[in-house]
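Undergrad: sequence and predicted structure, then a few things I'm wondering about:
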Amino acid sequence: MKSPPGTTMVAALVHLLAAFSAAVLAAAGGEQPLSKIGIHRATLAIHPGASVDVSPLLLGLQGQDQEWVTIGFNNPKPSKDDWIGVFSPANFRASLREQKSLMDWTLAYSQIRFAVFISDSICPSENQWVEAPLLCTAPIKFQYANYTTSDYAKTGKGSLRLQIINQRSDISFALFSGGLSNPKLITRSNSITFANPKAPVYPRLAQGKSWDEMTVTWTSGYSTKEATPFVEWGIQGQIQILSPAGTLTFSRDTMCGPPARTVGWRDPGFIHTSFLKDLWPNLKYTYRIGHRLFNGQIVWGRQNSFKAPPYPGEDSLQRVVIFGDLGKAEIDGSNEYNDFERGSINTTYQLVKDLKNIDMVMHIGDICYASGYLSQWDQFTAQVEPIASTVPYMVASGNHERDWPGSGSFYGTLDSGGECGVPAQNMFYVPAENREQFWYSTDYGMFRFCVANTELDWRPGTEQYKFIEHCLSSVDRQKQPWLIFLAHRVLGYSSATFYGAEGTTEEPMGRESLQLLWQKYRVDIAMYGHVHGYERTCPVYENVCVAKGSDRYSGAFTATTHVVVGGGGASLAEYTAERARWSHAQDLDYGFAKLTAFNHTTLLMEYKRSRDGSVRDSFTVSRDYRDVLACGVDNCASTTMAS
């Protein structure tokens, strides 16, 4: 039968999209394990003798939001590349509403619009000339069938234990052959579910726009048409009060490209934020999140607690942990690819272990590396919940959150997997004037943190440059002597090989644009992620060590010390063989930094390895207020003897 007019064009466009999606994943360096699954190429290979059984069928009976399940499976024709995929929703299918939202999609890099369902994203197709894919959504996690059963390829029988989190929908488990690149669906299990899939989960604290305000953000399946979100909170042991919460969500339409708009899309549920105001300094507060259903019933989350921030400038012990590029990993061993992000479990464990000695966490970009697979945001918030529910968990924007061609990002890379910042801006609160811009300042006791967004332009004359200068210049150094600049990409100094290959040691126009500000306003430490490892400079200005690298500095400010602390958990980087004079300490391992302000005159910076918490590098800064005022290189106005 003769093909109808336009069939060749339609087929060409579908293949173009598939090639473009592959380019997205290749550009991301294969970092997201789910990107290895060619789910849009799945075919049926149903075998009547195969089976997948899972227990228990009902999870969270005691209010848990994470549970372990046991999967037993049988395949009469096994092979070593068989694998188990975990799907939620359980039916693998996109809803009709989601299908229609993609009918008018503009392909990146072109102005071509076509009202035909796109092969990677829609099930089923309503176009008779283009065959729809069997499966239209990626699994939320996966594991090889022989992971814990070494003789599976001979017997065809195996079992797995996997950890499942509450992600607002039912769950099923499917057995595939054909490996990850050409999956063949053999059979699937019955559905399992949490007792309350919509329950409020994964609370995460953040500082508000004023020092005496704490925000609580969480995720649920309840829209405002079903229930009213709120927080019950108060000073520990005293009368608790109620504060309302706002509710946000986002749609597939707000994603900028694949896979976030295609196989990686998953409904994010509803994200709620409440503002707890007029806190008393240093007091311990308890809180619990809740939803009042319209029948009067209240659905509660677990009770948590936090310590209110100190008054700005207060002289007390204050401790802040800083790192970048954490990512997520699975404690059940699933979703692993070349051990990428394995270090994130160790980093998370060390922070939880030392949580009583941490007052705030600053995660400076590349948060969870979802890279367009939206299910991973829930899994990341579940991973960091023990930390984020207890101390403020402040984030910054990185390339894997924001970058996408034509989206307004400073870099035209595909690193966000089509997210273009939307999930990050909604899942975590930051005290920015404009959440889209994602730059902000926050004060904690004797600290002032100026958090830049390296994915938007920072050069002189831009709005962000004006923000940075205002943040640095407006701090009262008598009250807050410790001034810290934070950003994701390295705007200062780094020995990473990928910078060296470009003939530089930083992002182009990085320190050239900002070093006058750092020097003028006497920034103590500038810290970055992006390079997956640790490196510390001497106090450096204009590529020259103004003071020798040391473990102790005292007296007047000389220059900013630059610290790269991007080894939170993602696969490690490499350093250039030749060591620059300004590079004082390096460690190619997973780790994080901890700043401890003992008082107004003594600051300690420690770099700790994630594997064991050992301190691998440290330095102290000791000085009086008169030392802050003292003039140094390029940080005082010209003076004369004229009266």
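TA: Received it, and whenever you're ready, just let me know what you need.

Undergrad: what's the pLDDT at the residue nearest the centre of the chain?
TA: By C-alpha atoms, centre = their mean, the chain has its centre lying nearest to I367, at 1.8 Å. According to the prediction, I367 has pLDDT 97.

Undergrad: again, but for R41
TA: Looking at R41, the pLDDT reads 88.

Undergrad: likewise for L629?
TA: With respect to pLDDT, L629 scores 87.

Undergrad: give me the nearest residue to it, chain neighbours excluded.
TA: R477 (8.0 Å; C-beta to C-beta, 6 or more residues apart in numbering). C-beta here means a position set from N, CA and C on the backbone, and glycine is covered the same way.

Undergrad: contacts only, for the one you found.
TA: L483, R522, Y625, V628, L629 (C-beta atoms under 8 Å, 6 or more residues apart in numbering).

Undergrad: can you redo those as TSV with neighbour count and distance to L456?
TA: Shown next, in TSV, are the contacts of R477 (neighbours: other C-beta atoms under 10 Å; distance: C-beta to C-beta, whole Å):
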residue	neighbour count	distance to L456
L483	23	22
R522	22	25
Y625	13	35
V628	16	31
L629	13	33
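
Undergrad: from those residues, which land in helices?
TA: Under the assignment DSSP state H, these contribute Y625, V628, L629 to helices.

Undergrad: so how far is whichever strand or helix holds C450 off the chain centroid?
TA: Here C450 sits within strand 447-451, counting by DSSP states H and E. Centroid separation for strand 447-451 versus its chain: 20 Å, with C-alpha atoms, centre = their mean, to the nearest Å.

Undergrad: buried residues in that strand?
TA: Neighbour counts over strand 447-451 (16 or more other C-beta atoms under 10 Å) mark F447, R448, F449, C450, V451 as buried.

Undergrad: now the helix or strand just after it - C-alpha only, PDB.
TA: Once the chain leaves strand 447-451, the next helix or strand it forms, by DSSP H and E, is helix 463-473. Output of helix 463-473 as PDB, limited to C-alpha atoms (Å, rounded to 0.1, in the frame of the first residue of the first chain):
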ATOM      1  CA  GLU A 463      22.600  42.300  37.100                       C
ATOM      2  CA  GLN A 464      24.400  39.400  38.800                       C
ATOM      3  CA  TYR A 465      27.700  41.500  39.000                       C
ATOM      4  CA  LYS A 466      25.700  44.200  40.800                       C
ATOM      5  CA  PHE A 467      24.300  41.700  43.200                       C
ATOM      6  CA  ILE A 468      27.700  40.200  44.000                       C
ATOM      7  CA  GLU A 469      29.200  43.700  44.700                       C
ATOM      8  CA  HIS A 470      26.300  44.600  46.800                       C
ATOM      9  CA  CYS A 471      26.500  41.400  48.800                       C
ATOM     10  CA  LEU A 472      30.200  41.800  49.400                       C
ATOM     11  CA  SER A 473      30.100  45.500  50.200                       C
END
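
Undergrad: distance from the chain centre to helix 463-473, please.
TA: On C-alpha atoms, centre = their mean, the centre of helix 463-473 falls 25 Å from the chain's centre.

Undergrad: what angle do it and strand 447-451 make?
TA: On the basis of axes from the mean of the first three to the mean of the last three C-alpha atoms, to 10 degrees, helix 463-473 is oriented at 170 degrees to strand 447-451.

Undergrad: what comes into contact with helix 463-473?
TA: With C-beta under 8 Å, 6+ apart as the test, helix 463-473 has contacts from 437, 439, 441, 448, 450, 452-453, 456-459, 483, 485, 513-514, 517-518, 520-521, 523.

Undergrad: try stretch 139-149
TA: Here stretch 139-149 makes contact (C-beta under 8 Å, 6+ apart) with 33-34, 37, 39, 73, 75, 78, 80-88, 152-153, 155, 157-162, 167, 174-175, 180, 266, 330, 332-335, 375, 379.

Undergrad: among those, the buried ones, what's the ChimeraX command?
TA: Selection of buried members from the contacts of stretch 139-149 for ChimeraX, criterion 16+ other C-beta under 10 Å:
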select :33,34,37,39,73,75,78,81,82,83,84,85,86,87,88,152,153,158,160,162,167,174,175,180,266,330,332,333,334,335,375,379
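
Undergrad: and the contacts of stretch 139-149, which of them are in helices?
TA: The helices, defined by DSSP H, take in Y152, A153, T155, S375, Q379 from those.

Undergrad: my guess is the second one contacts S79, does it?
TA: Yes - applying C-beta atoms under 8 Å as the test, A153 and S79 come out as touching, 6.3 Å apart.

Undergrad: could you list every residue that touches the nearest residue to K277 once chain neighbours are set aside?
TA: Nearest residue to K277, sequence neighbours excluded (C-beta to C-beta, 6+ apart): E213, at 5.0 Å. Counting by C-beta under 8 Å, 6+ apart, E213 touches Q207, F275, L276, K277, D278, L279.
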